[in-house]
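>>> Predicted model, plus sequence, below.
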Amino acid sequence: MKNIKKIGWIGTGVMGAPMAGRLMDAGYTLTVYNRTQAKAEALIQKGARWADSPSVCAVGQDVVFTMVGFPKDVEEVYFGTDDDAGAIAAADEGTIFVDMTTTRPSLSVKIAEAAGKRGCAAVDAPVSGGDVGAQNGTLSIMAGGDADAVEAVRPVLAHLGTQILLEGGPGTGQHTKMANQIALAGTVTGVCEAVKYGQTVGLDVDKMLKSIGGGAAGSWQMTNLGPKMAAGDFAPGFFVKHLIKDLSIASDEAEDRELHLEVLNTVLSMYKDLRRQGMGELGTQAIIAYYDAKGGKVDFDE
């Protein structure tokens, strides 16, 4: 079993920063990189070493984690830009790459193939559980890739999540995350409609959510986002723009297989409407603003 001590961490946003912090608390030595250094400042003050680029962050590490935004960002981190060689080219032989970003399954396969040619290994390990799960170490981690590599990093992942499952080969972690986001799409809008209904008929919405959340309708979305929807608290734990990215990937993957998922595509259209209204930087619970803008009425045949 690989003895992991030194970790490179790329991406210190809403999810990445608390996850990296948990690994520092567990005693790992971290080197961090983020496009905006200010977002890594708390980790640097805590003792993390700053790297000026993804390639610098990858040198000399046992494991390199990435938690960035979009497929383009993942591609640049691993394969480089005009200004940087990228993490794969810079890493030592034997390094394990763990991409926790939600991205295209085909890109995860490409990373795994390139890493293998360098004598390294790659795991795609997207997560579910939001910023709360990232802070508390209670994420669900969906791993795809080489089984030995997954087992080697499992002790590290155990500080980040309470469920770590190997789904299969490269890309299967991402496909599992697509299934997660498809299920989430219907759930978050269902919770939103319940909140709007409760408000419209004059219920105490907090009491209503507690009542129905303890029954068959209960879900993570209801417990964590329902009260925020009711209160108009749209602070991001997970950005609208990132959910649009995820749902778009899921829709593309489904359509490539001639599978049309009506609920997924309807909810994706609703979130895109929010982004057109300038709400892409808000949390996903801002979906209630879509209903507010329409006076609570939604025509699903639009």
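Thanks, I have the structure now.
>>> For the rest of this, base every contact and every neighbour count on C-alpha atoms.
Will do.
>>> Show the low-confidence segments of the stretch 151-300 of the chain, by residue range.
Along the stretch 151-300 of the chain, the parts satisfying pLDDT under 70 run over 295-300.
>>> now the strands for it?
Under the criterion DSSP state E, counting those that start in this stretch, strands of the stretch 151-300 of the chain are mapped to 161-168.
>>> where exactly do the helices run in it?
172-201, 205-213, 220-231, 240-256, 262-276, 288-293 (DSSP state H, counting those that start in this stretch).
>>> Buried residues, the last one. List them.
The one in question is helix 288-293. Neighbour counts over helix 288-293 (16 or more other C-alpha atoms under 10 Å) mark 288, 289, 290, 291 as buried.
>>> thinking again about what came up before, got a markdown table for the helices of the stretch 151-300 of the chain, with distance to residue 10 too?
Shown next, in a markdown table, are the helices of the stretch 151-300 of the chain (distance: least, C-alpha to C-alpha, whole Å):
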| stretch | distance to residue 10 |
| --- | --- |
| helix 172-201 | 19 |
| helix 205-213 | 36 |
| helix 220-231 | 27 |
| helix 240-256 | 17 |
| helix 262-276 | 26 |
| helix 288-293 | 33 |
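>>> Out of these, flag the one nearest residue 25.
Among the helices of the stretch 151-300 of the chain, helix 220-231 comes nearest to residue 25, with 25.5 Å by C-alpha to C-alpha.
>>> Check which helices and strands that closest one sits against.
For helix 220-231, the packing partners by 3 or more C-alpha pairs under 8 Å, 6 or more residues apart in numbering; DSSP states H and E come out as helix 172-201, helix 205-213.
>>> one more time with 10 Å, if that's ok
Identification of packing neighbours for helix 220-231 by 3 or more C-alpha pairs under 10 Å, 6 or more residues apart in numbering; DSSP states H and E yields helix 130-136, helix 172-201, helix 205-213, helix 288-293.
>>> next SSE after the first one?
Elements were assigned by DSSP states H and E; along the chain past helix 130-136, the next helix or strand is strand 139-145.
>>> out of the helices and strands packed on helix 220-231, nearest to residue 160?
Comparing these by their distance to residue 160 (C-alpha to C-alpha), the top pick is helix 130-136, with 6.7 Å.
>>> And for that closest one, what's in contact with it?
For helix 130-136, contacts defined as C-alpha atoms under 10 Å, 6 or more residues apart in numbering pick out 13-22, 127-129, 137-140, 159-162, 220, 224, 236-239.
>>> 7 Å instead, please
Contacts to helix 130-136, defined as C-alpha atoms under 7 Å, 6 or more residues apart in numbering, come from residues 14, 15, 18, 19, 139, 160, 237, 238.
>>> cool, stretch 186-204 as well?
205, 221, 222, 226, 229, 230, 263, 288.
>>> Excluding sequence neighbours, find me the nearest residue to residue 79.
Nearest residue to residue 79 in three dimensions, chain neighbours excluded: residue 86, at 4.7 Å (C-alpha to C-alpha, 6 or more residues apart in numbering).
>>> Alright, that wraps it up for me.
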